[in-house]
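**Q** Compute the structure for the input listed below.
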Amino acid sequence: MANGILVDIVAAKILLIRGKRVMLDRDLSKLYEVDTGQLTRQVRRNIDRFPEDFMFQLTREEFENLMCQNGISSWGGTRKLPYVFTEQGVAMLSSVLRSKRAIRVNIQIMRAFIQLRRVLLTSVNLKRKIEELEKKYDKQFLIVFKALKELIEPPPIKKKGPLGFYIEKPS
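**A** This next block holds a predicted model:
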């Protein structure tokens, strides 16, 4: 698999959970070509290498939200809540998964995180420049600046209420 293609595949697997960019244990195990159970066993054997800012387990609510976001009704018989790994946690995985494949994949994952950081930095710089221009020009451009900001910033995540139909009970 070409380096650029793998970086793009990895970048698509990076999620934002608890304000951190992370990767799921199941996605990592597929990339490393190991069973998810084997990956988590190696992590548990070396748990001192994985403080909470390197790896954490999703809560039930986070896991359900993740399934809803991906449009998946079930997650292949998952019995345990998945672990997620930050960039530092992924780097630490290469020290516990010692295969040549793990080393090659880790290099590509690090490149994907760097690529994502560059994109986010570009977005922040662009937003700052738009704000500077907004201060210089008069109100007639206000609508243009507002539209540009909406394109740069992701929409806020709205907390959804319960799904389904509700019948009001007569009083």
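
**Q** only C-alpha atoms for contact and neighbour calcs from this point on.
**A** Noted.

**Q** Which residue, other than its chain neighbours, is closest to Val96?
**A** Among residues not flanking Val96 along the chain, Gln42 sits closest, at 6.3 Å (C-alpha to C-alpha, 6 or more residues apart in numbering).

**Q** Per-residue pLDDT of the one you found, please?
**A** With respect to pLDDT, Gln42 has a value of 89.

**Q** what do you get for Gly76?
**A** In this model, Gly76 carries a pLDDT of 57.

**Q** tell me which element the residue nearest to Val96 is part of?
**A** helix 36-45 (DSSP states H and E).

**Q** Just the C-alpha atoms of that helix, please, in CSV.
**A** Extracted as CSV, the C-alpha positions of helix 36-45 are listed here (Å, rounded to 0.1, in the frame of the first residue of the first chain):
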residue,chain,number,x,y,z
THR,A,36,-8.0,-6.4,19.0
GLY,A,37,-7.8,-8.7,22.0
GLN,A,38,-4.1,-9.2,21.4
LEU,A,39,-3.5,-5.5,21.2
THR,A,40,-5.4,-4.8,24.4
ARG,A,41,-3.6,-7.7,26.2
GLN,A,42,-0.2,-6.2,25.2
VAL,A,43,-1.4,-2.8,26.5
ARG,A,44,-2.6,-4.3,29.8
ARG,A,45,0.7,-6.1,30.3
